[in-house]
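# Fold the following, please.
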Amino acid sequence: MYVGLGDRAQLNSTAVRSAAGSAALVLRQYGHNKVVMVLEERTEFVEAAVEGFVLGGYRYEDFVPKKTAEISELVVLVRKEDVTGARKAAERGVVLAESINAARHLGNAPGNIIYPETLAKHALALARRAKLQCKVMDEKGLRAGKFGGILSVGSGSARSPRLIALEHLGGGKNEAPLVFIGKAITFDSGGISLKPPEKMEEMIFDKCGGIAVLGAMESIARLKIKRNVVGLIASAENMPGGGAFRPGDIIQTRSGVTVEIVNTDAEGRLVLADA
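Okay, here's the model as predicted:
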């Protein structure tokens, strides 16, 4: 198979990553599960090519009766003198792509499978695998900590909210951490300010900011990045239940700032403010 890379003068990692992903997409469709990628002339693009290939081979098929065969083997062909560097680059590409695919998999899962409690369980399982520190604050802890934003957003749902904190201690003891913060609204109906029903099923993807933080923390831990990094994920389900917060309510966030609710579909800034 030959895959176009576009204008030679503009060839870069992005183009190679995209081309490799396209190749994986087609090869899996046709059932080819053992692949050799020839990069003897372009060893500098091994990481991008491998990352793109693993990303392109991803499928969300948890609920499909007949699954397509996965690509089981990828061999990257390089010059003998480039093998050591290429192997390290390929390993990095695999880690990045696998972390992204794990995040995509959670992102694609429906709201009856992934909700704040189950998302927190995934975070705890990741922490055990990747040797991250993880703390999960449930509804009781959120109330004790006066996290009024997250609690208000989750108040209409039978599924209580969570605040998830992941830590990677790869830097110096007194080094200030790099902090990622993401919202994970596992389903966003809009609350009492209800969204139109058309395409509301896509609101399972309102959790993807928090899911991206989870994927970033996985790759950071697996690559043993020498920095202190914290990932904070504010997770709630925004539903129009009997206990839901209302337009006109005034709530107090973790910082003590009061907020008048005008539209309950503006939930993201409330959970992010608390995080």
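
# so where do the strands sit in the stretch 101-250 of the chain?
With strands called from DSSP state E, counting those that start in this stretch, the stretch 101-250 of the chain shows them at 133-137, 162-169, 178-188, 228-238, 250-252.

# wait, doesn't Lys226 sit right on His168?
No - between Lys226 and His168 there is no contact under C-beta atoms under 8 Å: 10.0 Å. In this view, the C-beta of every residue, glycine as well, is placed from N, C-alpha and C.

# And the helices in the stretch 51-200 of the chain?
All helices of the stretch 51-200 of the chain, identified by DSSP state H, counting those that start in this stretch, fall at 83-108, 116-130, 139-144, 148-154.

# quick revisit: let me know which of the strands of the stretch 101-250 of the chain is tucked in deepest.
Neighbour counts (mean count of other C-beta atoms under 10 Å) averaged over each of the strands of the stretch 101-250 of the chain peak at strand 228-238, with a mean of 26.

# now that strand: mean pLDDT?
The predicted model assigns strand 228-238 a mean pLDDT of 98.

# Relative to that strand, what are the paired strands and their orientations?
strand 162-169 (antiparallel), strand 178-188 (parallel) (DSSP bridges).

# Looking at the ones you listed, which is nearest to Arg17?
strand 178-188 (22.1 Å; C-beta to C-beta).

# per-residue pLDDT, Lys224?
Listed pLDDT for Lys224 reads 97.

# quick one: contacts for it?
Counting by C-beta atoms under 8 Å, 6 or more residues apart in numbering, Lys224 touches Gly170.

# quick one, phi psi at it?
phi 60, psi 50 (degrees, to the nearest 10).

# Let me have the strands of the stretch 101-250 of the chain in TSV, extended by distance to Gly107.
Below are those laid out as TSV (distance: least, C-beta to C-beta, whole Å):
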stretch	distance to Gly107
strand 133-137	19
strand 162-169	15
strand 178-188	10
strand 228-238	13
strand 250-252	28
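
# List the buried residues of the helix or strand containing Ala23.
Using DSSP states H and E, Ala23 falls within helix 13-29. For helix 13-29, burial by neighbour count (16 or more other C-beta atoms under 10 Å) applies to 15-24, 27-28.
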